[in-house]
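> Return a 3D structure for these sequence lines:
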Amino acid sequence: EFYEEMLATLKDRFPAVQLHAFSPPEIVQIASVNRSLFRETLSRLHDAGLDSMPGGGAEILDDRVRGEISPEKISWKTWERVMVTAHSLDIPTTATMVFGHMETLKERIRHLFRIRDIQERTGGFTAFIPWTFQEKNTELEGRFKPTGGVEYLRTVAISRLILNNYIPNIQASWVTQGRKVAQIALLFGANDFGGTMLEENIVRAAGVVFHRITLDEIRHLTDRLGRPVAKRDTLYNILEEY
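From the prediction side, this is the model:
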């Protein structure tokens, strides 16, 4: 009821704002506390004003990896169930991947194919967003060799090859990779630079220095590539072309 009231209040006061909230692990927790099924939970939140969902909690969709890096998080199959259910209720979502820790290359590729399989069945993913594991201030700090820009760009390119014609949008992660690498990612398969962001707390807690970026800065970075530039909304509807 708390989240329903929150969503309804926000939608009433700011009807034009896209309410993009609640990753699959959070949906599972809400459903557990409320002792309800995923469908009922998602349906009630959707009716209250939830427009779309982030794809957080995916990490690597393999239970061997998840058992090592996040043993208390939901299984990959549960993540899939939440997403499929959301899509069946016309709640679009993004899909994500956090890589560069203990996963093998085979497990990384399997993750991409599992995302593609869900998309084939539902068509509900609006974008795929890969980023590298940020180790600082975590229990895994120092256990893995940091993933550099070349490996990130290679992964973006492979993601485009596997997901092309399935998920139209791949987002570059300027927050974790920096603006220059994100700019180059637009030449390696990404077509979305991401948002300006007013606040970021997750990767900041892992030691990433976060500085806001302006629309003019994004336009400067993308214009230099000779690529067409447009402003979008959360669902990738084009609002303005430059």
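
> Got phi/psi on Met97?
Reported as degrees, to the nearest 10, the phi and psi values for Met97 are phi -150, psi 130.

> can you pull the contacts of it?
Ala58, Glu59, Ile60, Arg108, His111, Leu112, Ile115, Phe128, Ile129, Pro130, Trp131, Ser159 (Cβ atoms under 8 Å, 6 or more residues apart in numbering). C-beta: built from backbone N, CA, C; applies to glycine.

> which residues does it bridge with?
For Met97, the beta-bridge partners under DSSP bridges are Pro130.

> Of the contacts of Met97, which is the nearest to Arg81?
Checking the contacts of Met97 against Arg81 with Cβ to Cβ, the nearest one is Ala58 at 12.9 Å.

> mind checking pLDDT for the nearest residue to that closest one once chain neighbours are set aside?
Closest residue in space to Ala58, ignoring its immediate chain neighbours: Thr96 at 4.8 Å, by Cβ to Cβ, 6 or more residues apart in numbering. Here, the pLDDT recorded for Thr96 equals 97.

> Tell me which residues touch Thr96, please.
Contacts of Thr96 by Cβ under 8 Å, 6+ apart are Pro54, Gly55, Gly56, Ala58, Phe128, Ile129, Pro130, Trp131.

> Just the buried residues out of those, in ChimeraX syntax.
To isolate the buried members of the contacts of Thr96 in ChimeraX, using 16 or more other Cβ atoms under 10 Å:
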select :54,55,56,58,128,129,130,131
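
> Start from the N-terminal end of the chain and give the helices.
Taking DSSP state H to define them, one finds helices in the chain at 2-13, 24-34, 38-48, 63-69, 76-88, 105-122, 149-163, 174-177, 179-185, 202-205, 215-223.

> so which two of the contacts of Thr96 are the farthest from each other?
Pro54 and Pro130, at 13.9 Å, using Cβ to Cβ across these.

> Out of the helices of the chain, which one sits most buried?
helix 174-177 (a mean of 23; mean count of other Cβ atoms under 10 Å).

> Now that helix: average pLDDT?
pLDDT averaged over helix 174-177 gives 86.

> Could you list every helix and strand in contact with it?
Under the contact definition 3 or more Cβ pairs under 8 Å, 6 or more residues apart in numbering; DSSP states H and E, helix 174-177 sits against strand 125-132, helix 179-185.

> Just name the shakiest helix or strand of the chain by mean pLDDT.
Least confident element among the helices and strands of the chain, by mean pLDDT, DSSP states H and E: helix 202-205 (a mean of 52).

> follow-up on the earlier one: same list (the contacts of Met97) but as JSON lines, adding pLDDT and distance to Thr214.
Shown next, in JSON lines, are these (pLDDT from 0 to 100; distance: Cβ to Cβ, whole Å):
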{"residue": "Ala58", "pLDDT": "95", "distance to Thr214": "29"}
{"residue": "Glu59", "pLDDT": "95", "distance to Thr214": "31"}
{"residue": "Ile60", "pLDDT": "97", "distance to Thr214": "33"}
{"residue": "Arg108", "pLDDT": "97", "distance to Thr214": "33"}
{"residue": "His111", "pLDDT": "98", "distance to Thr214": "33"}
{"residue": "Leu112", "pLDDT": "99", "distance to Thr214": "32"}
{"residue": "Ile115", "pLDDT": "99", "distance to Thr214": "31"}
{"residue": "Phe128", "pLDDT": "98", "distance to Thr214": "25"}
{"residue": "Ile129", "pLDDT": "97", "distance to Thr214": "21"}
{"residue": "Pro130", "pLDDT": "96", "distance to Thr214": "24"}
{"residue": "Trp131", "pLDDT": "92", "distance to Thr214": "21"}
{"residue": "Ser159", "pLDDT": "98", "distance to Thr214": "27"}
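
> No further queries at this time; thank you.
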